[in-house]
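S.K.: sharing a model prediction with you, sequence too.
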Amino acid sequence: MAFLSMFHVSSFFLAVGKVADSQQLVSPREHNSQEILPLIDAFLEAFLTFGTLLAVTSLARAAKGCLAADRVQVKKTELKAKHAPPAALQKHSKARERPAIPTFPSSLKRKTWCDQMVQVIRDGRAASLPTILDEARLCALSDGLSLRSRELEEMEIEHLASCLRGCASHQAFREAIWAYEHMEGRIGKGNRAIWSVLLYCTVQISDFDRCKLFFERLCALGAPSGKDFVNIVNFLAHKRDATGLLQLLSDATTLGCRVSTFDWNRALAVCTRNNALDLAEILAGSEACAVFPAEMDVVGFNTMMKAYSAAGSTSSCFGVMEKMTAAGVSPSEATFGILLDCCVKAEEYDLAAYTFEQIRLRGLTPNVVHYTTLMKGFAKAKKLEEAKAFLEEMLKDPSVKNDCISFCTVVRAYADSGDTEGALQIVEKMLSTGLLPNECVFNIVLGSCAVSRMEADKVFDLLALLIGHGLKPSNTTLSHLIKALVMTGSIDVAMNLLFT
């Protein structure tokens, strides 16, 4: 009895309805059938123990004349307090426990059911979808649909697709998978929307075990879309499956799949984000021409350059730049930003300076990111004069909007070398441009006193000067001050300052 399903009971009630019709039993009040009604009551009591009140109401309608509404209402009233679902028979664990949901009238049509399902997702109760899908099915059966009819299957496919789309848009990815698992045996081959959304959901939660299955079922119904292509490439990049990607390109060509430039760039970005540079090279190579007939744009080339920069391959990064030029694609400001960052990481500062010069030669305008990247590189190499020279050049460039980060970069370079005077000059230059240094900049200058020894009086003079420029002393300021005093040998002064 514990395994008694709604559909077995539904079939029983339908059968009883036919028997009642043959005996012309319109209502229990008119015909006191001692053979049928006790059997109905027994099934009602058993099903109410393991089922739901709404399900009984729906099944009562399915039983037509034999089960009058008042008969069901009487049994519901009698059994509601008597029976409760045993804890051992709960369908889901506490981790998947689903909140109670409102009951809906059985007269709702497909669109109304879909709207109700979407509303449940919006309300944050997506875990209740399997129950609502069952209620929709029971209402359809009570309205006369056959249990194995094509119309019922199409209705369930439509309902599931609506649930999956709603879950995906509200990032309820696991709930979408639960809904599919509940409906898996009732949707036949499904449709493209179902398999496409399921592929997306599994990728989002890194449930890669079923990605290939969902993609195969999608391809069985036609060519995948650009978004589907990106999702399956994400799966292959996670697995580092270069052979699988080559097979994908071959299959996609056979199916007539064509990917837009936008989706192609997304696929490249997915590979580089997963550190699957070999897969990105396949996508950027001739093997992909049939699927991606268009030429790579500047975004695609930049994506490849960024991947090589992250891998520390300066030659490959500039090699992509050469391919871009040969393809007639004009580099952007972002392109040169990637090249400069690559040079700085590789500590090739002469090449970085040459690249910076190329920005203007290409008809582009250097921005604050270009200047700051160069200044960080020279500061890292302890080339303070070069860093200061680029800062001054930036201040003379009317097209560049100055920011604190650029100044902070050079200030830190002087402070780390113990050149307090040089750091203070940069702060004063910053004030002359109208920018107010933040606490971090002031404390960096004060911290320079702990790098090279300075007289205690000069340390306090510097502190007073910085306060005059706008420093508001904090715990960090006190820490730098004590370090500087200890460096001068004024330990007693530092102790007094600490405990006063």
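M.R.: Perfect, I can see it now.
S.K.: so who does L395 touch?
M.R.: N402, K429, T433 (C-beta atoms under 8 Å, 6 or more residues apart in numbering). For the C-beta atoms, the positions are set from N, CA and C on the backbone; glycine is no exception.
S.K.: mind listing what K458 touches?
M.R.: C449.
S.K.: can you redo the contacts of L395 as CSV with pLDDT?
M.R.: Formatted as CSV, these follow (pLDDT from 0 to 100):
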residue, pLDDT
N402, 82
K429, 90
T433, 87
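S.K.: now the buried members of these.
M.R.: Taking 16 or more other C-beta atoms under 10 Å as the criterion, what is buried in the contacts of L395 is N402, K429.
S.K.: if I look at H92, what pLDDT would I see?
M.R.: The model reports H92 with a pLDDT of 39.
S.K.: tell me where the longest helix sits in the chain.
M.R.: helix 150-169 (DSSP state H).
S.K.: secondary structure added to the contacts of L395, as a markdown table?
M.R.: Conversion of the contacts of L395 to a markdown table gives the following (DSSP: H, G, I helix; E, B strand; the rest coil):
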| residue | secondary structure |
| --- | --- |
| N402 | coil |
| K429 | helix |
| T433 | coil |
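S.K.: rewinding a little: what's the very next helix or strand once past the longest helix of the chain in contact with?
M.R.: Note on helix 150-169: by DSSP states H and E, the next helix or strand toward the C-terminus is helix 173-183. Contact with helix 173-183 is made by 96, 121, 126-127, 129-130, 133, 156, 160, 163-164, 167-168, 194, 197-198, 201-202, 204-205, 207, as judged by C-beta under 8 Å, 6+ apart.
S.K.: just the buried residues of helix 173-183, please?
M.R.: F173, R174, E175, A176, I177, W178, A179, Y180, H182, M183.
S.K.: just the mean pLDDT for it, thanks.
M.R.: In the prediction, helix 173-183 has an average pLDDT of 95.
S.K.: quick one, it and helix 150-169 angle?
M.R.: Angle between the axes of helix 173-183 and helix 150-169 is 170 degrees (criterion: axes from the mean of the first three to the mean of the last three C-alpha atoms, to 10 degrees).
S.K.: return the distance of the helix or strand following helix 173-183 from the chain's centre.
M.R.: The helix or strand immediately downstream of helix 173-183 is helix 192-204, counting by DSSP H and E. The chain centre lies 14 Å from the centre of helix 192-204; the measure is C-alpha atoms, centre = their mean, to the nearest Å.
S.K.: what pLDDT is listed against the residue most central in space within the chain?
M.R.: The C-alpha lying nearest the average C-alpha coordinate of the chain belongs to Q204 (C-alpha atoms, centre = their mean; 6.1 Å). Model confidence at Q204, given as pLDDT, is 94.
S.K.: point out where the chain drops to low pLDDT.
M.R.: Along the chain, segments meeting pLDDT under 70 span 1-111, 287, 290, 293, 500.
S.K.: which strand or helix spans the closest residue to M324 other than its chain neighbours?
M.R.: Distance criterion C-beta to C-beta, 6 or more residues apart in numbering; nearest residue to M324, sequence neighbours excluded, is F301 at 4.4 Å. Assigned by DSSP H and E, F301 belongs to helix 298-310.
S.K.: which other helices and strands contact that helix?
M.R.: Applying 3 or more C-beta pairs under 8 Å, 6 or more residues apart in numbering; DSSP states H and E, one finds that helix 298-310 contacts helix 261-273, helix 277-284, helix 314-326, helix 333-345.
S.K.: helix 333-345 and the third one, what's the angle between them?
M.R.: Spelled out, it's helix 314-326. 160 degrees.
S.K.: ok, back up a step: out of the helices and strands packed on helix 298-310, nearest to L213?
M.R.: Set against L213 and scored by C-beta to C-beta, those come closest in helix 261-273, at 19.9 Å.
S.K.: and the contacts of the closest one?
M.R.: With C-beta under 8 Å, 6+ apart, helix 261-273 has contacts from 226-227, 229-230, 233-234, 237, 259, 277, 279-280, 283-284, 292, 294, 296-297, 299-300, 303-304, 306-307, 310.
S.K.: separation between R258 and V233?
M.R.: Relative to V233, R258 is positioned 15 Å away (C-beta to C-beta, to the nearest Å).
S.K.: before we move on, back to that, redo the helices and strands packed on helix 298-310 as JSON lines? Include distance to T372 and mean neighbour count.
M.R.: Below are the helices and strands packed on helix 298-310 laid out as JSON lines (distance: least, C-beta to C-beta, whole Å; neighbours: other C-beta atoms under 10 Å):
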{"stretch": "helix 261-273", "distance to T372": "23", "mean neighbour count": "21"}
{"stretch": "helix 277-284", "distance to T372": "27", "mean neighbour count": "21"}
{"stretch": "helix 314-326", "distance to T372": "19", "mean neighbour count": "16"}
{"stretch": "helix 333-345", "distance to T372": "10", "mean neighbour count": "22"}
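S.K.: could I get those as a markdown table with distance to V486?
M.R.: Below are these laid out as a markdown table (distance: least, C-beta to C-beta, whole Å):
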| stretch | distance to V486 |
| --- | --- |
| helix 261-273 | 46 |
| helix 277-284 | 49 |
| helix 314-326 | 43 |
| helix 333-345 | 35 |
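S.K.: for L361, which of the ones you listed is the nearest?
M.R.: helix 333-345 (10.7 Å).
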